[in-house]
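Novice: what's the 3D shape of this:
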Amino acid sequence: MAAVPVQERKKIIDGLRQLGEESPNVDVKALAGHAGWYRLRVGNWRVLYFSDDQGVIIERIVNRRDLERSVRNLP
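Specialist: Reported below is the predicted structural model:
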């Protein structure tokens, strides 16, 4: 999160809160070819996370231009 500008951090935190509240207004998509992995879109930033029975595990927060490379390197 250190690389994310302060104003954008606030938006990302808000997006994560909405995700936790299961708000219908969040932009979430499953990552093709990566079962259980999702991305949350917040402006130019993408939150890559894994969802299971115990909750949500955030793997990375990346700029949209770095999304493809980051997805290839997911565990």
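Novice: Three-state assignment for the residue nearest in space to the middle of the chain, please.
Specialist: Centroid-nearest residue in the chain, with Cα atoms, centre = their mean: Val47, separated by 1.7 Å. Following DSSP: H, G, I helix; E, B strand; the rest coil, Val47 is assigned to strand.
Novice: wait, doesn't it sit right on Ile12?
Specialist: Yes: when contacts are counted by Cβ atoms under 8 Å, Val47 is listed as touching Ile12 (6.6 Å). Just so you know, the C-beta spots here come from the backbone N, C-alpha and C atoms, and that holds for glycine as well.
Novice: quick check: closest non-adjacent residue to the residue nearest to the centre of the chain.
Specialist: Leu40 (4.1 Å; Cβ to Cβ, 6 or more residues apart in numbering).
Novice: I'd assumed Ala8 was in a helix, is it?
Specialist: No Ala there; residue 8 is Glu. Yes: assessed by three-state DSSP, Glu8 belongs to a helix.
Novice: run a quick neighbour tally on it.
Specialist: 17 (other Cβ atoms under 10 Å).
Novice: do you know how far the residue located most distally from the centre of the chain is from Arg69?
Specialist: For the chain, the largest distance from the centre (Cα atoms, centre = their mean) belongs to Asp53, which lies 17.8 Å off. Note on Asp53: its distance to Arg69, by Cβ to Cβ, to the nearest Å, is 29 Å.
Novice: and the strands in the protein?
Specialist: Using DSSP state E, the strands assigned to the chain run over residues 27-30, 37-42, 45-52, 55-63.
Novice: re the thing from before, wait, the residue nearest to Val47 sits on Ser51?
Specialist: No: when contacts are counted by Cβ under 8 Å, Leu40 is not listed as touching Ser51 (10.7 Å).
Novice: between Val47 and Ile12, which contacts overlap?
Specialist: Ile61 (Cβ atoms under 8 Å, 6 or more residues apart in numbering).
Novice: adding distance to Gly20 and mean pLDDT, write the strands of the chain out as JSON lines.
Specialist: Output for the strands of the chain, formatted as JSON lines (distance: least, Cβ to Cβ, whole Å; pLDDT from 0 to 100):
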{"stretch": "strand 27-30", "distance to Gly20": "12", "mean pLDDT": "96"}
{"stretch": "strand 37-42", "distance to Gly20": "11", "mean pLDDT": "96"}
{"stretch": "strand 45-52", "distance to Gly20": "11", "mean pLDDT": "92"}
{"stretch": "strand 55-63", "distance to Gly20": "7", "mean pLDDT": "92"}
